[in-house]
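**Q** Sequence and computational prediction follow.
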Amino acid sequence: MKKLEIAAAVIACAGIAGAAWIWQGHGAYGFGVIAHTGGNYWTEVAKDDPSLDASIRAAIRPDADKAVAGAFAWKAVAPGYEVTEIPVMLDGAEVDRLILSRIDPAYYRFTAHNAPEGRNIGEWKKALPRAALIVNGSYFDKKGLPDTPFVSDGQALGPQTYDARAGAFVANDAGAAVIDLQHQAWRDALKGSADAMVSYPMLVGEDGQTRVTVASNWLANRTFVAEDGTGHIIVGSTRAGFFSLGRLAAFLKAAPLGIRTALNLDGGPIACRGERVGGFRRDVHATVEAQPHDTTVGVLRWPLDEDWGMPIVLAVEPKS
């Protein structure tokens, strides 16, 4: 009996020490990761492994950069709110899909939120019951706090000393915009905003050119926010993991979307979204992050089949 008591005490002490280690290094976000995913890890698989996501198999083809936009049409699901999906076509076959919403800021307000513990789509929907759209936002640190300058309901969060050269999304009751920070200080861009987030890289700059300067084959579910020539805001996600950042930038520049500026948001399995506008419902459950090497592909995996918790989201709510 005493041996069992000693073993139980050792296990309890180990559990307490483990919990303290997680809290010290990762705060509430560390416990959120375990609750939502069971933890995560990288594994290497061969490039011809059938377990690879189909979008990854397409992305590592030599002709992957020849992907083009398939046919699409916008559909109004509520005043000031349109939706569409663009098939990403490679050699006549669909290899991914862009999930898009085009929103008129005259009808909708955009808000930025931070929950350091991380909430999945279902939890965010409960927390923001009026939201028409919830999508993951900009980057966060190991404890789930904003890693770039950030404003939520007028409160400044994130680092106050930051070298921002990419872009920012800013919003208030008067409207919303995607701002190119190549020639403007981020403090000036965020001044007067009720909600805002700095992110990177700028996919399409004000000059109409792609702005991804670092070559990378990192593949993942992607999200972005763009402004078109009419001042509407386009919030986009990919269904799967075909796009590197450079490939996404080139695709958006070429697609017939009328994009003036486009800013990348955080990507990977955290790049989830949920929509509920009138009778329209649409969710994206992100699942893909991978890094191709010479003969193998590094793939991020996690044991629990559940959406990741998102510490930072961009939400869209009707003004009336």
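**A** Nice, I can see it.
**Q** where exactly do the strands run in the stretch 51-200 of the chain?
**A** Assigned strands in the stretch 51-200 of the chain, in chain order: 68-69, 75-78, 81-90, 93-103, 108-119, 133-136, 150-152, 155-157, 167-172, 175-180, 195-199 (criterion: DSSP state E, counting those that start in this stretch).
**Q** Would you format the ones you listed as TSV with mean neighbour count, mean pLDDT and distance to M310 included?
**A** C-beta here means a position set from N, CA and C on the backbone, and glycine is covered the same way. Compiled in TSV, the strands of the stretch 51-200 of the chain are given as follows (neighbours: other CB atoms under 10 Å; pLDDT from 0 to 100; distance: least, CB to CB, whole Å):
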stretch	mean neighbour count	mean pLDDT	distance to M310
strand 68-69	14	98	27
strand 75-78	14	98	23
strand 81-90	19	98	21
strand 93-103	21	98	16
strand 108-119	21	97	6
strand 133-136	26	98	5
strand 150-152	23	98	14
strand 155-157	14	96	15
strand 167-172	25	98	16
strand 175-180	22	97	20
strand 195-199	27	98	13
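**Q** so which of those comes closest to G30?
**A** Closest to G30 of those is strand 108-119 (CB to CB; 9.2 Å).
**Q** what's that closest one packed up against?
**A** For strand 108-119, the contact count by 3 or more CB pairs under 8 Å, 6 or more residues apart in numbering; DSSP states H and E identifies helix 2-37, helix 121-127, strand 150-152, strand 167-172, strand 195-199, strand 310-318 as packing neighbours.
**Q** Show me what counts as buried in the second one.
**A** If I follow you right, that is helix 121-127. Taking 16 or more other CB atoms under 10 Å as the basis for neighbour counts, the residues of helix 121-127 that come out buried are I121, E123, W124, K125.
**Q** Now do it: everything it contacts.
**A** Surrounding helix 121-127, the residues in contact under the criterion CB atoms under 8 Å, 6 or more residues apart in numbering are 113, 115, 119, 131, 134, 272-274, 276, 283, 285, 307, 309-310, 313, 315.
**Q** Just the C-alphas of that helix, formatted as CSV.
**A** C-alpha atoms of helix 121-127 as CSV (Å, rounded to 0.1, in the frame of the first residue of the first chain):
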residue,chain,number,x,y,z
ILE,A,121,-14.0,28.2,-34.2
GLY,A,122,-16.9,26.8,-32.1
GLU,A,123,-15.6,28.6,-29.0
TRP,A,124,-15.1,31.9,-30.9
LYS,A,125,-18.7,31.7,-32.3
LYS,A,126,-20.0,31.4,-28.7
ALA,A,127,-17.8,34.3,-27.6
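**Q** centre of the chain versus that helix, how much separation?
**A** Relative to the chain's own centre, helix 121-127 is displaced by 16 Å; criterion: CA atoms, centre = their mean, to the nearest Å.
**Q** got it, and the fifth one?
**A** Offset of strand 195-199 from its chain centre (CA atoms, centre = their mean): 13 Å.
**Q** what is the orientation angle of it with strand 108-119?
**A** Interaxial angle of strand 195-199 relative to strand 108-119 (axes from the mean of the first three to the mean of the last three CA atoms, to 10 degrees): 60 degrees.
**Q** If you average pLDDT over each of the helices and strands packed on strand 108-119, which is lowest?
**A** Within those, the least confident segment by mean pLDDT turns out to be helix 2-37, at a mean of 58.
**Q** Which elements pack onto whichever helix or strand comes after that helix?
**A** Scanning forward in sequence from helix 2-37 by DSSP states H and E, the next helix or strand is strand 41-46. Strand 41-46 is packed against strand 296-301, with contacts defined by 3+ CB pairs under 8 Å, 6+ apart.
**Q** The strand it packs on pairs with which strands, and in what direction?
**A** strand 41-46 (antiparallel), strand 289-292 (antiparallel) (DSSP bridges).
**Q** just those strands: most buried one?
**A** When neighbours are counted by mean count of other CB atoms under 10 Å, the highest per-stretch mean among those falls to strand 289-292, a mean of 20.
**Q** Give me the residues contacting that one.
**A** Contacts of strand 289-292 with the rest of the structure, by CB under 8 Å, 6+ apart, involve 47, 52-53, 56, 59-60, 217-221, 241, 267-269, 297-300.
**Q** repeat that with 10 Å
**A** Outside strand 289-292, the residues within contact range by CB atoms under 10 Å, 6 or more residues apart in numbering are 40, 42, 44-45, 47, 52-53, 55-56, 59-60, 216-221, 241, 244, 267-271, 297-301.
**Q** Do you know the pLDDT at K47?
**A** Among the per-residue scores, K47 holds a pLDDT of 94.
**Q** That one and E94: what is the separation?
**A** For K47, the distance to E94 (CB to CB, to the nearest Å) stands at 21 Å.
**Q** do G309 as well
**A** Distance from G309 to E94, counting by CB to CB: 30 Å.
**Q** And V212, by the same measure?
**A** From V212 across to E94, the span is 24 Å (CB to CB).
**Q** in stretch 174-194, what's buried?
**A** So stretch 174-194, judged by 16+ other CB under 10 Å, has buried residues A176, A177, V178, I179, D180, L181, W186, A189, L190, S193, A194.
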